[in-house]
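Participant: sequence first, predicted coordinates after that:
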Amino acid sequence: MRKIININKDWLFKKNGEEREVNLPHCFNAKDGLTPDYMRTKCSYKKELPPMKNNVFLLIEGANSVCQVAVNSKIINYHKGGYSAFVTDLTPYIKNGCTLEISVDNSDFEEVYPSRADFTFWGGLYRNVSLIQTDKCHFSFSDFSSNGVYATPIKKNDKWILDVKCVIENFSDSAKLRCVLLDKESNIYAMGESEKSEIILECENPVLWNGRENPYLYTLQCEIVQNNIILDNISIKVGFREFYIDSEKGFFLNGKHLKLKGVCRHQDREEMGNGITEKEHAEDLDLILDVGANSIRLAHYQQNQFFYDLCDEKGVLVWAEVPVISSFSPDKQDNAKQQLTELVKQSYNHPAIFCWGIENEITQNKKNAKNKALVPCMKELDALVKSLDETRYSTCAQLSILDQDSPLNKITDILGYNHYFGWYDFGFEYLNKWLDNFHRDYPDTKLCLSEYGAEGLVNLHSVFPVQGDYSEEYQCVFHENYIKAVNSRDWLWGSFIWNMFDFGSANRHEGGVIGKNNKGLVTYDRKTKKDSFWLYKAFWSDEEFTHICGERFKTRKTGKYDIKVYSNKSEVTLEVNGERFTQNADKIFVFKDIEIKNGENYLSAGGEHSIVIIGAGETDKSYSITSENSFVRNWERKSDEEIVNYLSPESTIKELVSSEDAHIMVKGKLGNDKLNKTWLKLIYPMKIKTALKLSGLFGMSKNYQELLKEYTYAIHK
């Protein structure tokens, strides 16, 4: 029988010629990964292995991004891809013991995805490393380092079967495959035996895996037996479920409509990078369940199998994807296919997964987006997914500015768009306009909102929040508009907030923060739930609660304020300095003209949540940003001319007028006015958002104002 030996402890780590002992998981960028010049180089991990008999395999669950395995200074394996597991056969080398050295390099490789993205490419052996001892006859690791067992629940004519296909090494005529399916109480539910590597188990009236409502799992025990001796054994969890998406009615699980209330998740942590343990994975899922989500987009790479296991157990539906992201290159196509195959084969048995993502915002690089190989390569990835798994959807997430009629939108089974109207570009109203126009023009497309979000820093606050102020209050206003837009459209089968947690992004410097994307509902250290977290909990969770917004907006100028409360109750009573105010509302309660007096003011809602606001002569000035590096900008807006010219409210009038795309798209919207560049030169240096605010003072005609307001929707349409 197989034996799994964890070897996470006591590695000799070498970086820049210096050596020290470390335990795994380990990330060698844990300290510098939030800085633009974080280390991207090769480091090594060395360990002495004792003599071992039988077949011995080395399982590395995650090493970013190119990994080399050497035994006694001889290179025996090389893996390209930082997020999938891979297995190396140590059998010929370990009989007398050996020196194992694993080199990991997180440099930018021309042939490996990803090469640029809005997250830090953390380096290291950041997941578990194990030795697996097996008999000569065993479930194979040779099929892209999967466990060699693929269990497919299939419903035919109201009856269920479990089709179990196995890949077995050295499967002799005298050996048999035995499969036993156990229910939650460990009772035998179905079983079968075969001289071949496939068994079909008939499963009468199984309890269905029904998402958060009832994530029922069976245990499948697979054994290779010879002369009543078990040569090898594997145990996996299995869930019976069926799902489909209708372009008009949305997502259905086991025949029942289910709106997917989703978040996106990056795995890294403060001071840990990607080198997190099962404790941190479990904490993340607990927070996701606390907000009331029933789905997760695991962006933008294969994540830890332990996390997929947790999603299976808790009934959270998963969008899984590969890091084919931002910048397309046909030179990376072989690697894209490799990573996609590894994702599907290694994660095949998880009932939580309902779709495989083949790319994210692949048209971000303007030059590469015009590459003639782009569409054929994406079609090839889609065909690959379908050849590997006929039971799940293929999907992709498109950049907001991609034309709706792009051939890229006609490749995958279902489609997502990443929109940031109201953050990087103008107006919440454009979301409604865009969604309705898309569904009108492409009614058969199964569309979701695959990303949306706004930065919210817990140290920044505003009484009158506006786009670009990075305040916690504006993040709430943004999400209030988006969740209403999503909930009002049944055909929109789901949405995924960007992001559940703040995360590391070394290229960012905004809002006064270096190296982070702060669009999370929860802070990077997972210690603070932002007010926007409670907004979604009000809409999504059945657990009754009441939350007063602005707890961190502590010191304010005395006067009257609107106090906002989020709750999933129909009635909320707010008590302010002993005075009670009661209101009925739906999720969002706004108590107007609440007086904040000098000194400490005590606010309590429903006896559940209390805060203190200090009235003073003026509002604490540290709540506002003043730095030049604090304004809204897309992380990809660099001097690189190849990157798409993505205008934002921070763009200047000159940038707007100089944009051929903007000029073409708004042509005809000016009525009798003409684009008087001579006049506009007077305000060339002015930012668009400033011009909008001051347009009345300039005597600017309504048509000119419309030019400024309409260009964003036009180019994104």
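Facilitator: Noted; the coordinates are in hand. Numbers count the residues shown, from 1 in each chain.
Participant: output the below-cut-off pLDDT ranges for this protein.
Facilitator: Applying pLDDT under 70 to the chain flags the ranges 426, 626-650, 656-684, 686-717.
Participant: which residue of it sits farthest from its center?
Facilitator: The C-alpha centroid of the chain is most remote from residue 227, which lies 48.0 Å away (C-alpha atoms, centre = their mean).
Participant: leaving out the residues flanking it, which one is nearest to that one?
Facilitator: Among residues not flanking residue 227 along the chain, residue 174 sits closest, at 7.1 Å (C-beta to C-beta, 6 or more residues apart in numbering). In short, each C-beta sits where N, CA and C put it, glycine included.
Participant: neighbours around that neighbour, how many?
Facilitator: When counting by other C-beta atoms under 10 Å, one arrives at 10 neighbours for residue 174.
Participant: ramachandran angles for it?
Facilitator: phi -90, psi -10 (degrees, to the nearest 10).
Participant: helices of the stretch 51-200 of the chain, start to end?
Facilitator: Using DSSP state H, counting those that start in this stretch, no helices are assigned anywhere in the stretch 51-200 of the chain.
Participant: what residues are bridge-paired with the closest residue to residue 66 other than its chain neighbours?
Facilitator: What sits nearest to residue 66 in space, not counting adjacent residues and going by C-beta to C-beta, 6+ apart, is residue 105, at 4.8 Å. Judged by DSSP bridges, the bridge partners of residue 105 are residue 42, residue 66.
Participant: from residue 331, how far out is residue 105?
Facilitator: 18 Å (C-beta to C-beta, to the nearest Å).
Participant: okay, the two: which has more neighbours?
Facilitator: Set residue 105 next to residue 331 and count neighbours by other C-beta under 10 Å: residue 105 wins out with 20 against 11.
Participant: so the more buried one sits against residue 44, correct?
Facilitator: No - between residue 105 and residue 44 there is no contact under C-beta atoms under 8 Å: 9.6 Å.
Participant: in stretch 372-387, what counts as buried?
Facilitator: Judged by neighbour count (16 or more other C-beta atoms under 10 Å), stretch 372-387 contains these buried residues: 374, 377-382, 384-385.
Participant: coming back round to it: who's in contact with the residue nearest to residue 66?
Facilitator: 41-43, 65-68, 123 (C-beta atoms under 8 Å, 6 or more residues apart in numbering).
Participant: for the nearest residue to residue 57 once chain neighbours are set aside, what are its contacts?
Facilitator: Nearest non-adjacent residue to residue 57, counting by C-beta to C-beta, 6+ apart: residue 132, 4.6 Å away. Residue 132 sits next to 2-5, 56-59, 87, 141 when contact means C-beta under 8 Å, 6+ apart.
Participant: now do residue 447
Facilitator: 247, 414-417, 435, 438-439, 491-493.
Participant: in strands, which of those residues appear?
Facilitator: 415-417 (DSSP state E).
Participant: by neighbour count, which of those residues wins?
Facilitator: residue 416 (26 neighbours).
Participant: that residue reaches residue 450, doesn't it?
Facilitator: Yes - at 2.7 Å, residue 416 counts as touching residue 450 under the criterion of C-beta under 8 Å.
Participant: need the residues touching each of the two.
Facilitator: With C-beta under 8 Å, 6+ apart, residue 416 and residue 450 have common neighbours 397-398, 496.
Participant: for residue 366, state which of the residues you listed is nearest.
Facilitator: residue 398 (14.6 Å; C-beta to C-beta).
Participant: need the phi and psi values for that closest one.
Facilitator: Dihedral angles (degrees, to the nearest 10) for residue 398: phi -100, psi 150.
Participant: burial of it, as a residue count?
Facilitator: 24.
Participant: begin at 792, not 1, for the rest of this chat.
Facilitator: With 792 as the first residue, the last one maps to residue 1189.
Participant: what about the nearest residue to it once chain neighbours are set aside, distance to residue 923?
Facilitator: Spatial nearest neighbour of residue 1189, excluding adjacent residues (C-beta to C-beta, 6+ apart): residue 1208 at 5.2 Å. The gap separating residue 1208 from residue 923 is 42 Å, by C-beta to C-beta.
Participant: swap in residue 1367?
Facilitator: 63 Å.
Participant: still on that earlier bit, isn't the residue nearest to residue 1189 right next to residue 1237, touching?
Facilitator: No - using C-beta under 8 Å, residue 1208 is not in contact with residue 1237; the gap is 12.0 Å.
Participant: ramachandran angles for the nearest residue to residue 852 once chain neighbours are set aside?
Facilitator: Nearest non-adjacent residue to residue 852, counting by C-beta to C-beta, 6+ apart: residue 918, 3.6 Å away. Taking degrees, to the nearest 10, you get phi -130, psi -180 for the backbone angles of residue 918.
Participant: got a list of what residue 918 touches?
Facilitator: Counting by C-beta under 8 Å, 6+ apart, residue 918 has contacts 815-816, 851-854, 876, 1095.
Participant: repeat that for residue 1408.
Facilitator: Contacts of residue 1408 by C-beta under 8 Å, 6+ apart are 1348-1349.
Participant: roughly how far apart are it and residue 847?
Facilitator: 72 Å.
Participant: with residue 999 instead?
Facilitator: 40 Å.
Participant: what do you get for residue 1113?
Facilitator: Where residue 847 is concerned, residue 1113 sits at a distance of 30 Å (C-beta to C-beta).
Participant: give me the more crowded residue out of those two.
Facilitator: Between residue 1113 and residue 847, residue 1113 has the larger neighbour count (other C-beta under 10 Å), namely 30 against 22.
Participant: name the nearest residue to residue 794, ignoring sequence neighbours.
Facilitator: Closest to residue 794 by C-beta to C-beta, 6+ apart is residue 924, at 4.3 Å.
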